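J.: Sharing a model prediction with you, sequence too.
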Amino acid sequence: MEGLDAELIVVDNHSVDGSLEYLMPLFPQVRFISNQQNLGFAKANNQAIPLCKGEYLLFLNPDTLVPEDSLHKCLAFIRSDAKTGALGVRMLDGRGRFLPESKRAFPSPGASLFKLTGLAGWFPKSALFNSYALGNLNEHRNHTVDVLAGAFMMVRKELLLQLNGFDEDYFLYGEDIDLSYRIQKAGFTNRYFSETSIIHFKGESSAGTSLNRVEYFYRAMLVFVDKHYRLGSAKIFSTFIRVAIAVRGIISALNKIIKPVMLPLMDGAMVFLSLQVVRMSWIQLIRSGKDFGVAFIPYALPLFALLFVVAAAGVGLYDKIYKTSKTLVSIAFAAVSMLAVYSLLPEQLRFSRGVMTGGGLLGCLLILLLRWFLLKRSHQFFGQEAGTAGQTVIVSNEEEYRVMMHLLTKAMLDKKILGRVSLHKNETDTLCDLDGLSFSAKHLSVTEVIFCVGTLSLKEIVARTEQLSVNGIRFLFHVKGSKSMVGSDTLAAGAKTITAYIEYRITQPYQQRMKRLTDMVISIFFLLSSPIHLILHKKGICLIQNAWSVLLNKQTWIGYASNATSLPYIKSAVVSHMGSKTGFPETVLEKADRLYAKEYDWWPDLQLVFQYYQQLG
């Protein structure tokens with residue numbers, strides 16, 4: 001906004017992450033509106049319209065990065081043509097890839113059919129098959145289009161007041177299509193402006209469950225059809241659209257439901273198949289064709305396959321980020337769990353330890369082969385994404401590099417920093433300059449680039465991300481003075497925006513599950529062996545009471561040593577990770593707690609329980 005007579009209004013739709021309280025003191029020049037409930041996109045934006053003093057209004061999503069000259073260029077363009085009612089820009093996702101929703105057509109029967117059947121994705125440049133995303137229009141040229149994206153939408157205030165702003169029948173999605181439609185009906189044009197590009201991470205303003213987003217999107221489409229395609233000859237059109245939307249909504253909803261369970265179902269099927277194959281082979285090769293004679297076998301094999309999947313899921317096999325080491329630990333734990341349960345069965349229900357061992361091992365091998373095959377095809381499969389262990393480089397000048405390294409150290413982020421990429425040629429002690437980044441990234445296994453916005457403009461950075469997008473690199477952006485970074489959380493185009501000041505492993509679902517599982521196993525061990533502890537432990541009764549408390553999820557065995565409230569929440573602990581904390585100042589304890597939360601793993605907890613055994617009472 002430098003050089004412009006402009007104001008900034010932020011409408012907070014009842015966020016609960018403390019962002020409003022954090023931002024308000026830092027930006028006294030910004031007008032903040034705090035809602036006590038989530039009113040939806042349309043209502044929240046309409047709240048701000050009467051307060052705006054400007055001739056033009058820009059609706060901007062929170063998950064965007066806008067280059068320094070974008071607003072100047074957009075204002076010059078919209079002022080150059082009195083018939084331009086609204087303007088949208090070329091948008092890139094967090095990986096530097098063009099977002100097709102930057103320019104769109106109104107929903108139509110043909111566009112709905114081609115999108116529904118997947119033809120739009122197969123022929124992205126086709127005017128026929130990808131008409132909704134206007135795939136035939138060059139993304140690098142300006143065009144008059146039907147629909148602009150609400151993520152960045154500049155509108156004449158006079159026209160907006162005439163149209164009464166966004167239609168509040170829409171809660172989320174569709175309101176930008178509706179407003180674009182009414183702008184055209186009022187005799188104005190919607191212009192796609194390609195001469196500036198912004199980054200739109202997508203997803204942050206619509207955070208929530210995937211099924212909710214599907215419901216919001218298709219409900220919005222139905223509102224649009226009912227409102228604008230209901231009368232006269234448009235009834236057939238409306239009916240077709242409604243059917244297409246309903247089918248697409250059902251398919252999307254089913255996909256959201258089925259996708260997360262596809263991998264467990266495939267794993268379970270492979271374990272079941274492995275047990276069957278080993279069973280039949282055992283009968284033919286070891287027992288000379290004689291069956292085991294146990295009626296429970298037809299029920300046992302699918303139940304043990306289910307047990308394998310449940311046990312593996314409990315220790316992180318199906319977490320969002322895939323890692324081979326985690327897979328090995330998970331399937332080994334699942335196989336051992338399966339054998340342990342089998343050993344507890346009554347004698348008349350057991351059939352063969354050899355079948356269970358051989359079937360478990362074969363199932364583990366097949367699961368590993370399946371993961372290898374899926375990873376060969378793509379870094380993403382069935383909701384999982386392969387974790388990367390590549391290198392990180394920082395694009396900055398010398399001073400920014402020192403600031404960035406201090407930030408990474410303070411945040412305790414586990415990144416392999418390969419070095420600095422210089423902004424100019426012929427600088428010493430650098431990996432390469434900006435022009436050589438693409439070549440170096442390919443040959444040095446660079447998977448992540450941190451751009452420092454300051455000396456290097458965001459305009460130049462946006463251009464560089466687009467050039468590097470073909471390398472599949474993840475980008476993080478650090479704005480001078482912000483004490484944070486922002487970037488796409490995953491490979492997905494619709495990833496959440498993350499702010500990485502500090503990342504605590506103890507908040508990861510896998511680590512939380514493992515902490516709880518470790519607590520339960522330790523508690524059960526103490527309870528089963530309670531007579532021994534009543535003799536050996538000086539406060540044996542208290543130890544047993546604590547074991548019950550932890551088992552019932554009222555406490556955890558190992559926890560924080562300080563009273564810091566800024567750390568991720570865990571239940572009150574029987575003993576801290578430092579044991580007796582006498583003599584340490586609170587600041588030291590808090591630093592130790594930060595490291596404990598940052599580097600958390602269940603195995604040290606297990607060791608600490610036995611190390612501090614006499615303190616558990």
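T.: Perfect, thanks for sending it. Numbers count the residues shown, from 1 in each chain.
J.: show me where pLDDT drops low in the stretch 251-400 of the chain?
T.: 387-390 (pLDDT under 70).
J.: one more time with 80, if that's ok
T.: 251-257, 259, 320-321, 325, 377-390 (pLDDT under 80).
J.: In it, what residue spans correspond to strands?
T.: Secondary structure of the stretch 251-400 of the chain (DSSP state E, counting those that start in this stretch): strands at 321-322, 380-381, 384-386, 391-395.
J.: How far away from the center of its chain is the last one?
T.: Between the centre of strand 391-395 and the centre of its host chain there is 22 Å, according to C-alpha atoms, centre = their mean, to the nearest Å.
J.: Relative to it, what are the paired strands and their orientations?
T.: The strands that strand 391-395 pairs with in its sheet are strand 417-422 (parallel), strand 446-453 (parallel) (by DSSP bridges).
J.: can you pull out the helices in the stretch 251-400 of the chain?
T.: 297-314, 324-344, 353-377, 398-411 (DSSP state H, counting those that start in this stretch).
J.: Out of those helices, indicate the one that is most buried.
T.: helix 297-314 (a mean of 19; mean count of other C-beta atoms under 10 Å). Where you see a C-beta, it was placed from the backbone N, CA and C, and this is true even at glycine.
J.: Mind jotting down where the strands sit in the stretch 451-600 of the chain?
T.: Applying DSSP E, counting those that start in this stretch to the stretch 451-600 of the chain gives strands spanning 474-479, 486-488, 497-499, 556-559, 573-576.
J.: Show me the least confident stretch of the ones you listed, going by mean pLDDT.
T.: Least confidently modelled of the strands of the stretch 451-600 of the chain is strand 497-499, at a mean of 46 by mean pLDDT.
J.: circling back to that earlier point, so which of the strands of the stretch 451-600 of the chain gets nearest residue 518?
T.: Closest to residue 518 of those, according to C-beta to C-beta: strand 556-559, at 7.6 Å.
J.: packing partners for that closest one?
T.: helix 509-528, strand 573-576, helix 602-611 (3 or more C-beta pairs under 8 Å, 6 or more residues apart in numbering; DSSP states H and E).
J.: any residues touching that strand, and which ones?
T.: Strand 556-559 is contacted from outside by 515, 518-519, 522-523, 550, 570-577, 605, 608-609, 616, using C-beta atoms under 8 Å, 6 or more residues apart in numbering.
J.: Partner strands of that strand, with direction?
T.: For strand 556-559, pairing defined by DSSP bridges yields strand 573-576 (parallel).
J.: what about the nearest residue to residue 66 once chain neighbours are set aside, is that helix, strand or coil?
T.: Leaving aside its sequence neighbours, residue 66 sits nearest to residue 198 (C-beta to C-beta, 6 or more residues apart in numbering; 5.1 Å). For residue 198, the assignment made with DSSP: H, G, I helix; E, B strand; the rest coil gives strand.
J.: so who does residue 198 touch?
T.: 64, 65, 66, 67, 70, 89, 90, 91, 92, 152, 462.
J.: hmm, back to that, can you lay out the strands of the stretch 451-600 of the chain as JSON lines showing distance to residue 46?
T.: Below are those laid out as JSON lines (distance: least, C-beta to C-beta, whole Å):
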{"stretch": "strand 474-479", "distance to residue 46": "30"}
{"stretch": "strand 486-488", "distance to residue 46": "28"}
{"stretch": "strand 497-499", "distance to residue 46": "24"}
{"stretch": "strand 556-559", "distance to residue 46": "47"}
{"stretch": "strand 573-576", "distance to residue 46": "48"}
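J.: Select, out of the ones you listed, the one closest to residue 339.
T.: Closest to residue 339 of the strands of the stretch 451-600 of the chain is strand 556-559 (C-beta to C-beta; 26.6 Å).
J.: Just the buried positions in the closest one, please.
T.: For strand 556-559, burial by neighbour count (16 or more other C-beta atoms under 10 Å) applies to 556, 557, 558, 559.
J.: in the sheet, who's paired with the first one?
T.: Spelled out, that is residue 556. With DSSP bridges as the rule, residue 556 is bridged to residue 573.
J.: Could you tell me how far it is located from residue 519?
T.: 5 Å (C-beta to C-beta, to the nearest Å).
J.: what do those two both touch?
T.: residue 550.
J.: how far away is residue 446 from residue 471?
T.: 8 Å.
J.: should've said residue 160
T.: 41 Å.
J.: which ones among the contacts of residue 198 are found in helices?
T.: Residues of these located in helices (DSSP state H): 70, 462.
J.: Leaving out sequence neighbours, find the closest residue to residue 562.
T.: Once flanking residues are discounted, residue 562 sits nearest to residue 589: 3.7 Å by C-beta to C-beta, 6+ apart.
J.: Give me the helix or strand of this protein that scores worst on average pLDDT.
T.: strand 497-499 (a mean of 46; mean pLDDT, DSSP states H and E).
J.: can you count the residues close to residue 578?
T.: Counted with other C-beta atoms under 10 Å, the neighbours of residue 578 add up to 18.
J.: got the contact list for it?
T.: Contacts of residue 578 (C-beta under 8 Å, 6+ apart): 561, 584, 589, 592.
J.: How much space separates the last one from residue 605?
T.: When distance is defined by C-beta to C-beta, residue 592 is 15 Å away from residue 605.
J.: returning to that earlier point: which one of the strands of the stretch 451-600 of the chain lies nearest to residue 423?
T.: strand 474-479 (14.2 Å).
J.: was I right about residue 201 contacting residue 94?
T.: Yes - judged on C-beta atoms under 8 Å, residue 201 makes contact with residue 94 at a distance of 4.6 Å.
J.: Got a ChimeraX select line for the buried ones in the contacts of strand 556-559?
T.: Restricted to buried positions by 16+ other C-beta under 10 Å, the ChimeraX selection for the contacts of strand 556-559 reads:
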select :515,518,519,522,523,550,570,571,573,574,575,576,577,605,608,609,616
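J.: Pick the most deeply packed of the strands of the stretch 251-400 of the chain.
T.: strand 391-395 (a mean of 23).
J.: how far off helix 398-411 does that strand point, in degrees?
T.: Here the directions of strand 391-395 and helix 398-411 differ by 140 degrees (axes from the mean of the first three to the mean of the last three C-alpha atoms, to 10 degrees).
J.: what's the angle between strand 391-395 and strand 474-479?
T.: 30 degrees.
J.: who touches strand 391-395?
T.: Here strand 391-395 has contacts from 400-401, 404-405, 415-421, 423, 431, 434, 437, 440-441, 444-452, 456, 461, 464, using C-beta under 8 Å, 6+ apart.
J.: Just the buried residues from these, in ChimeraX please.
T.: Buried members of the contacts of strand 391-395, defined by 16+ other C-beta under 10 Å, are picked up in ChimeraX with:
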select :400,401,404,417,418,419,420,421,423,431,434,437,440,441,446,447,448,449,450,451,452,456,461,464
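J.: Cool, thanks, talk later.
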